[in-house]
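Peer 1: predicted coordinates and the sequence they were generated for:
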Amino acid sequence: MGSFMVRRIIYAIPALIAVSLISFLVIAIPPGDYVTRLAEMSAAAGDIMPLAEQEAMRRAYGLDLPLMVQYWNWITGVVLRGDFGYSFSFNLPVKDVIWPRLGLTIVLSVASLLFIWVVAIPIGIYSAVRRYSAGDYLATFLGFLGLAIPNFLLALAAMYIAFAWFGVNVGGLFSPQYVEAPWSWERVLDLLAHLWLPMMVLGTAGTASVIRVIRANLLDELHKPYVTAARAKGKGEFALLMKYPVRHALNPFVSGQNDIFVDIVSGGTIVAIVMGLQTTGPLLLDALRTQDMYMASSFILMLSVLVVIGTLLSDLLLAWLDPRIRYQQG
Amino acid sequence: MSAFDESTGLVAPIAKTHRRGRGFDGHWALVWQKFRRHKLGVAGGIVVILAYLVAAIPEFLAPVTLEAYNPAYTYAPPQPVHMGRDDGTGWTFGPHVNAYKSEIDYNSGRRTFVEDETQPIYLGFFVEGESYNLLGLIPTNRHLFGPVIEGQPFFLFGADRLGRDILSRTIYGTRISMTIGLIGVALSLVFGILIGGISGLFGGVTDNVIQRFIEFIQSVPAIPLWIGLAAAIPASVPPLQVYFLITIILSVLGWTSLARVVRGRFLAMRNEDFVKAARLDGCGPVRIIFRHMLPSFLSHIIATVSLAIPGMILAETALSYLGIGLRTPIVSWGVLLQEAQNVRTIASAPWLLLPGAAVVIAVLALNFLGDGLRDAADPYAD
């Protein structure tokens, strides 16, 4: 297990390097930068920014250097000093903006993942055991629907229902008085009171696919001889189910968790924008619109790092659960 | 048609009826037989065909054109259809909607619409309206349905901020939304077959490198990257080019699952007897791939493709909704949903979400179709 872990962690390093390159280049390569954007804005306001001033600004921000030098300066700053560069539009170091947002992104993503497990595993087991029952059909139908409704549409519908029927405006992760407040017990409670709706919206698609996976895996196991043997020994139906076939069926489910986590982080961006959550999504979109380069790159980088770490954890979990994988790759 | 009879040593003609047995059916006949048994898949297939039909002739199906607007009907709710009316002398049959009387509530500054029973707008099929060219060829002015008298207000799905008919715009949006998935997938298919084919055919180090690369791409969160790429398209780019750029952006990350399927099939088939036989016969690699290998996993590719389209449709809708995908004058379902930008707008005009129903139906149908095709793709397994 130890050597597998080390190998797997070393394996993640090239992925991280590639991710950092992509996040930087996607933002830096397209024509135009923050200064062009500023010039456009002041031109729209009827104030022409002289070219010399633009050049001076570029020099001050280091935007006139070759791309690879810019990348090197940025990534060494991130890795060695935890310095993500400077946000032009916030006039703050990116790290001051990014960490609280990223923390909430992680909270929301993990909460959605837990929600998926809590809801989908029992329903999946029920669907398989009571195959072709009314409940199974209902679960299958809702599952398909959950896969087909785009996240942001679900978010809109949920906000509409909350607003029109219950008269509450559910945007954001905090009540107004707690948005800027320092962390306190009340703020945590306030967060929990707001978290459930985005969590459910984000979890729907994952729930649908997990139900399908568990149902299919469990159906494969339910009619195997070892189940019959255990039943013949007189073991109770529920204990039997939990002890043997469900454990088998959970294996492929664990290996699928990584894709689901990627989808949650990825889809969370859009849900956060629609619902105005204080996570990375809305700021990423703003940063892209204003070409706030280091901000945008850092957000994409950190979201990707989050996913790479998620992959690493799920691989380790799988290896811990299933010794075959440890020996195969180790 | 003849067969060798072992007991008599004679060659006897096979009766025509024997050919109907399973052993004699070709690959595609078997695939079709298996697919037909998948009821949801067939239903999904029918809906998908209808959707592409809508995409082909929206001018005929939509009551009004994209440009039509009616300033008196801004944010008008959907008009209910009545089957007949009682004009005092007795009940007469005639499907109609009623015109709206609008009243402005000066306290809230909102306009409310009330049905005006005295002003029925009769509806009919194959009514005359704006002229257009059907399929770009046949000039006509007939529309499948609409008000009998041209130009009367008719808003089955309600109207948007400028008093445009949401039903007509949703019908027009089908064209862009359904084709962007197709074109995106076609592009992904080219990448997928090429890279997956190379990976599966050469194996070894090449395969290893490509597989690690695919794993890496699949582990990148797609939506932030899509947003990043789409936001980089300058506002000065013409709408049609934006459309193609968006399809390219979607397929940059979308080809990986196709490449995996192709590679898996190549690996499985590389050592099959018929491939060896073809090689011994002196066929070159290109002929082996296209003449011998491709036909036997084409059904798998079709299934994977139909499962990849919904993802593209959802991605386009989301990008356009955020305002960094397609933009007017191009109309897609995502562009239409841009109107529903905040809760207050939706609360006062929930029908703005109706184009979203089109997205859900299309994605569901494509998923069902894909499921059915995937089951049917390998008709020999049971």
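Peer 2: Yep, that arrived.
Peer 1: I'd like the average pLDDT over the biggest helix by length in chain B.
Peer 2: Of all segments of type helix in chain B, defined using DSSP state H, the longest is helix B:166-202. Helix B:166-202 comes out with an average pLDDT of 85.
Peer 1: which elements pack onto that helix?
Peer 2: helix B:39-56, helix B:58-61, helix B:204-219, helix B:239-254, helix B:256-269, helix B:294-321, helix B:333-337, helix B:354-377 (3 or more C-beta pairs under 8 Å, 6 or more residues apart in numbering or on different chains; DSSP states H and E). (C-beta placed from N, C-alpha, C; glycine too.)
Peer 1: partners of the helix or strand just after the shortest one in the sheet?
Peer 2: Pointing back at helix B:58-61 there. Counting by DSSP states H and E, the element after helix B:58-61 in chain order, helix or strand, is strand B:82-86. In the sheet, strand B:82-86 lines up against strand B:91-105 (antiparallel) (DSSP bridges).
Peer 1: may I see the buried residues of the partner strand?
Peer 2: B:95-100 (16 or more other C-beta atoms under 10 Å in any protein chain shown).
Peer 1: and that strand, what's its mean pLDDT?
Peer 2: On average, strand B:91-105 scores 77.
Peer 1: pull the CA atoms of it into PDB?
Peer 2: Provided in PDB are the C-alpha atoms of strand B:91-105 (Å, rounded to 0.1, in the frame of the first residue of the first chain):
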ATOM      1  CA  TRP B  91     -72.400  27.500 -28.800                       C
ATOM      2  CA  THR B  92     -70.300  27.200 -32.000                       C
ATOM      3  CA  PHE B  93     -67.200  25.200 -32.600                       C
ATOM      4  CA  GLY B  94     -64.100  27.000 -33.500                       C
ATOM      5  CA  PRO B  95     -60.700  26.700 -31.800                       C
ATOM      6  CA  HIS B  96     -59.500  30.200 -30.800                       C
ATOM      7  CA  VAL B  97     -57.600  32.200 -28.300                       C
ATOM      8  CA  ASN B  98     -58.800  35.500 -26.900                       C
ATOM      9  CA  ALA B  99     -57.000  38.700 -27.500                       C
ATOM     10  CA  TYR B 100     -55.600  40.400 -24.300                       C
ATOM     11  CA  LYS B 101     -56.700  43.600 -22.800                       C
ATOM     12  CA  SER B 102     -53.800  45.000 -20.900                       C
ATOM     13  CA  GLU B 103     -54.100  47.100 -17.900                       C
ATOM     14  CA  ILE B 104     -51.300  48.900 -16.300                       C
ATOM     15  CA  ASP B 105     -51.300  48.800 -12.500                       C
END
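Peer 1: and stretch B:198-215, how far out from the chain middle?
Peer 2: Taking C-alpha atoms, centre = their mean, to the nearest Å, one finds the center of stretch B:198-215 at 32 Å from the center of the full chain.
Peer 1: how much space separates A:V179 from A:A208?
Peer 2: Distance of A:V179 to A:A208, given as C-beta to C-beta, to the nearest Å: 32 Å.
Peer 1: between these two, which is the more surrounded one?
Peer 2: A:A208 (23 against 12; other C-beta atoms under 10 Å in any protein chain shown).
Peer 1: which residues touch that one?
Peer 2: The contact partners of A:A208, by C-beta atoms under 8 Å, 6 or more residues apart in numbering or on different chains, come to A:120, A:142-147.
Peer 1: all strands for chain A, in order.
Peer 2: Residue ranges of the strands in chain A, as given by DSSP state E, are A:86-87, A:92-93.
Peer 1: off-centre distance for the first one?
Peer 2: This points to strand A:86-87. On the basis of C-alpha atoms, centre = their mean, strand A:86-87 sits 24 Å off its chain's mean C-alpha point.
Peer 1: and what of stretch A:121-138?
Peer 2: In terms of C-alpha atoms, centre = their mean, the centre of stretch A:121-138 is set 28 Å apart from its chain centre.
Peer 1: tabulate the CA atom coordinates of it in PDB.
Peer 2: Taking Å, rounded to 0.1, in the frame of the first residue of the first chain, the C-alpha atoms of stretch A:121-138 are listed here in PDB:
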ATOM      1  CA  ILE A 121     -27.200   4.300  -2.300                       C
ATOM      2  CA  PRO A 122     -30.400   3.400  -0.500                       C
ATOM      3  CA  ILE A 123     -32.500   4.100  -3.600                       C
ATOM      4  CA  GLY A 124     -30.200   2.100  -5.800                       C
ATOM      5  CA  ILE A 125     -30.300  -0.900  -3.500                       C
ATOM      6  CA  TYR A 126     -34.100  -0.600  -3.200                       C
ATOM      7  CA  SER A 127     -34.400  -0.400  -7.000                       C
ATOM      8  CA  ALA A 128     -32.400  -3.500  -7.500                       C
ATOM      9  CA  VAL A 129     -34.000  -5.600  -4.800                       C
ATOM     10  CA  ARG A 130     -37.500  -4.600  -5.800                       C
ATOM     11  CA  ARG A 131     -36.900  -4.700  -9.500                       C
ATOM     12  CA  TYR A 132     -39.700  -3.600 -11.700                       C
ATOM     13  CA  SER A 133     -41.800  -2.400  -8.800                       C
ATOM     14  CA  ALA A 134     -43.600   0.900  -8.900                       C
ATOM     15  CA  GLY A 135     -40.800   2.400  -6.700                       C
ATOM     16  CA  ASP A 136     -38.100   1.100  -9.100                       C
ATOM     17  CA  TYR A 137     -39.900   2.700 -12.100                       C
ATOM     18  CA  LEU A 138     -40.300   6.000 -10.200                       C
END
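Peer 1: brilliant, that's me finished.
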